[in-house]
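S.K.: give me a 3D structure for the following:
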Amino acid sequence: MHAVEVRPAASAEAAAVSQLLAAVIRESYAGRLEKNAVERLVSVNCCCQ
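M.R.: Coordinates of the predicted model:
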């Protein structure tokens, strides 16, 4: 296993990180939850869908 350096996201990266998180949530829960429930998860956890 390799060591990985992790840093907080810069505010300029917020939109890109939020869009990535929204995509992962949608992909992970598609077919498991109803579409409106998935979109609620996205709206609560992502600022820039």
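
S.K.: okay, and the residue positioned nearest the centre of the chain sits in which element?
M.R.: Computing the C-alpha centroid of the chain and ranking residues by CA atoms, centre = their mean puts Leu21 first, at 1.2 Å. Leu21 belongs to helix 14-29 when assigned by DSSP states H and E.

S.K.: what is that helix packed up against?
M.R.: helix 35-45 (3 or more CB pairs under 8 Å, 6 or more residues apart in numbering; DSSP states H and E). Quick note: C-beta positions are derived from backbone N, CA and C, even for glycine.

S.K.: packing partners of the helix it packs on?
M.R.: When contacts are defined as 3+ CB pairs under 8 Å, 6+ apart, helix 35-45 packs onto helix 14-29.

S.K.: state the mean pLDDT of the helix it packs on.
M.R.: Across helix 14-29, pLDDT averages out at 94.

S.K.: need the residues that contact that helix.
M.R.: Contact with helix 14-29 is made by Ala9, Ala37, Val38, Leu41, Val42, Asn45, Cys46, Cys47, Cys48, Gln49, as judged by CB atoms under 8 Å, 6 or more residues apart in numbering.

S.K.: just give me the neighbour total for the residue lying closest to the fourth one once chain neighbours are set aside.
M.R.: With CB to CB, 6 or more residues apart in numbering as the criterion, Leu41 has its nearest non-adjacent residue at 5.3 Å, and that residue is Ile25. Applying other CB atoms under 10 Å, we find 19 residues neighbouring Ile25.

S.K.: please apply the same query to Ala16.
M.R.: Ala16, neighbours per other CB under 10 Å, totals 11.
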